Structures are given as C-alpha cells and as structure tokens.
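Colleague: Sequence plus predicted model, see below.
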Amino acid sequence: MNKVIVIAGPTATGKTALSVRLAKELGAEIISADSIQIYKKLDIGSAKPSIQEREGIPHHLMDIVPADGVYSVADYVRDAKEKIDDILSRNKVPIIVGGTGLYISSLVDNVEFSDSEQDMSVRARLQEELLKIGPEAMHQRLKEVDPESAESIHPNNTKRVIRALEIFETTGKTRTAYEAESKLNKSPYDFCLIALSCERELLYERINRRVDIMEEQGLFDEVESLLRDGISKGAQSMQGIGYKEAVMAVEGEISAEESIELIKKNSRNYAKRQLTWFKRGGYTWFDCLDEKLYDKVRAHIGEFGI
C-alpha cells in the first residue's frame, strides 16, 4: 500500500496529541520530523513528548544522536525511509510528525543526496571560513558561483548561504539546478499531507504558554546540565530555539526573564516561517482548535484510503 501520513505545521499546534490518537486507532507508529528532538538529553527545550504523552505508541527518530553530535538532512531522509519501510513491512501505518520543513519536504520530494554531499568536512570548513571572513564576504562568494541563490538568500542567513556553497562545492551544480535534479525520481510512498494551525493571535498565545511551561519544567537547569556535561554551546544541537537563548542566560549575558522573552519572540518568528514553508507544499489544512478536529482529520485520512 505504501501509504504514509504526514502531520506538519508550526510549533504548539497539538501535532503530537493528534498523531498519538490517530496511531492508537489505526495501529500506526510515529516517526518524528523534529531537528532537535533527535538529540539525546535535549528534552524540555525541544518539547519532546514524555513517555506518558506517547501513550505506548512507538516513536522513532527521537533520542538517536548524542547531544554533541552532527546530523544532516541527508541523514534524516535515509533514516526516515528505513523506518517507513520497516513499519510498512509489518502492515502498520507510518505517521510522520513534526515541524522541521526541510526534513519533511526532502522526504516527500524524494530528494536524493550524493555521497560527496554528505561529506561533513566541507560544511565544517565553510563554517570555519565564515568565522574568519564574516557573513558579507561569504555571501559575496556565493554571488560569484550561484547568483540566483545569492539573490534569494539574505547575507545574514548564514546557514542557507553555507548550504548553497556546500552544494556547489560537492556537486559542481548551483543549488537550484541540484534541487531540481534531485527531485526527478518519484517517491515510492503515497503521502497524505496534513497541516495544523489556527488564528495567528491564538497561535502566538499557545507558543508563549509553551515557553512558560518549558521554564517551569526546568529549561535552564537542563541547559546548565548539558554545559556541565561538556556539550559546547556551539554544538549543532544547541543552536535550536530555546537552547541558544537559555545558554545566554546561563552564562550571564542576559537575564532569565530576557531569555524567556527572546525564546518567545524567536519561536513566534519561527512559526511564521513554518507557515510560509508548509503553505507551499500541497497540504490540507485544519484548525487545531476546532472541536471536531479529530473527526475531520480522520475522515480525510479515510478518503485517502487508510
């Protein structure tokens, strides 16, 4: 059958609760699509669902990478496909759940990554060069080899600048050309794409409340523990929203109150980007605050043939 459900959308829209309820009814298993929940020991700031919240449903691709480890989109697509195939082989339904748009779109679009592109040494060298010469110079370098990407990427968005340079150096192609070629092969899976959201002001209230809960649960203690364990504040995992701002407070750069407000602001901005990302992806949208949300989503999945 090869049918796969995807439940995406911005943070704080209840994706976990919906997916667990569906999984219990459908006999499904959940595959996380969250770029921070993959890390061990990063629980509170990533809003990783607790054992109780998972209600006995298997959750895959959580807690699979050491807190100081490195994990790429290529790694995710490879691992997610392995999990999907395993779940399907046992006649169960895979449900992809999360808000990391690049993870999900790369999986859905069946993006293929070359072995050379997965060479992390290239990315590490580019990141070192960024520290030496700065964002403007790196952006200028991109402009020289891939002007189309440079036009669409702001110089301060160093992650995407480095990504575009990495693609050029490892494949010899511009980002646009490479991404077009990498999507030529049709996916072996049939995806039911579902996205959750709600009215913007209410969404922001939910995000703010989630951050308050993180503080109450011990976010700063979690970050202090990670740093004591030798996890560098420059580690990939610590660049996630919630962690980088908490590190600033733990190290005395800003107050705890300022850190919480910054996390809320950055989380709201991230939610805007998530909405933009998923709205161009062919999803069927549902209001996460709709009292009949589950019934409507279940009916939609039924029409899909599950």
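Modeller: Arrived safely, thanks for sending. Just so we're clear, the structure is a prediction, and the values are computed from it rather than from any experiment.
Colleague: which regions of the stretch 101-250 of the chain sit below the pLDDT cut-off?
Modeller: Residue ranges of the stretch 101-250 of the chain with pLDDT under 70: 114-120, 182-184.
Colleague: Residues contacting the longest helix seen in the chain, please?
Modeller: Counting by DSSP state H, the longest helix found in the chain is helix 256-279. For helix 256-279, contacts defined as CB atoms under 8 Å, 6 or more residues apart in numbering pick out 8-12, 99, 101, 105, 195, 197, 203-204, 207-208, 210-212, 214-215, 220, 241-242, 245-246, 248-249, 254. For every residue, glycine as well, the C-beta is placed using N, CA and C.
Colleague: buried subset of those?
Modeller: 8-12, 99, 101, 105, 195, 197, 203-204, 207-208, 210-211, 214-215, 220, 241-242, 245-246, 248-249 (16 or more other CB atoms under 10 Å).
Colleague: so Ile95, which of the three states?
Modeller: strand (DSSP: H, G, I helix; E, B strand; the rest coil).
Colleague: Beta-bridge partners for the closest residue to it other than its chain neighbours, please?
Modeller: Leaving aside its sequence neighbours, Ile95 sits nearest to Ile5 (CB to CB, 6 or more residues apart in numbering; 4.5 Å). Here Ile5 sits in beta bridges with Ile95, Cys192, as judged by DSSP bridges.
Colleague: roughly how far apart are Ile5 and His300?
Modeller: 10 Å (CB to CB, to the nearest Å).
Colleague: More neighbours: which of those two?
Modeller: Ile5 (25 against 15; other CB atoms under 10 Å).
Colleague: who touches the more buried one in this structure?
Modeller: By CB under 8 Å, 6+ apart, the contact list for Ile5 reads 22, 28, 93-96, 191-192, 194, 301, 304, 306.
Colleague: run the last query once more with 10 Å
Modeller: 19, 22-23, 26, 28, 30-31, 93-97, 191-194, 297, 300-301, 304, 306 (CB atoms under 10 Å, 6 or more residues apart in numbering).
Colleague: Against Ser50, how distant is Val122?
Modeller: 38 Å.
Colleague: quick one: which of the two has more around it?
Modeller: Neighbour count, other CB under 10 Å: between Val122 and Ser50, Val122 has more, with 17 against 9.
Colleague: check which helix or strand covers the more buried one.
Modeller: Taking DSSP states H and E as the criterion, Val122 maps to helix 120-133.
Colleague: and that helix, which residues are buried?
Modeller: Buried residues in helix 120-133 (16+ other CB under 10 Å): 122-123, 126, 130.
Colleague: next one: stretch 260-279
Modeller: 260, 262-264, 267-268, 270-271, 274-275, 277-278.
Colleague: Can I get the residues you listed in a markdown table including pLDDT?
Modeller: Shown next, in a markdown table, are those (pLDDT from 0 to 100):
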| residue | pLDDT |
| --- | --- |
| Ile260 | 98 |
| Leu262 | 97 |
| Ile263 | 97 |
| Lys264 | 97 |
| Ser267 | 96 |
| Arg268 | 96 |
| Tyr270 | 93 |
| Ala271 | 95 |
| Gln274 | 94 |
| Leu275 | 94 |
| Trp277 | 89 |
| Phe278 | 94 |
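Colleague: For Ile5 and His300, list the residues in contact with both.
Modeller: 192, 194, 306.
Colleague: Looking at those, which one is closest to Leu293?
Modeller: Ile194 (10.5 Å; CB to CB).
Colleague: Direction-wise, compare the helix or strand hosting Val161 with helix 120-133 and give the angle.
Modeller: Using DSSP H and E, Val161 maps to helix 158-171. Per axes from the mean of the first three to the mean of the last three CA atoms, to 10 degrees, the angle that helix 158-171 makes with helix 120-133 is 130 degrees.
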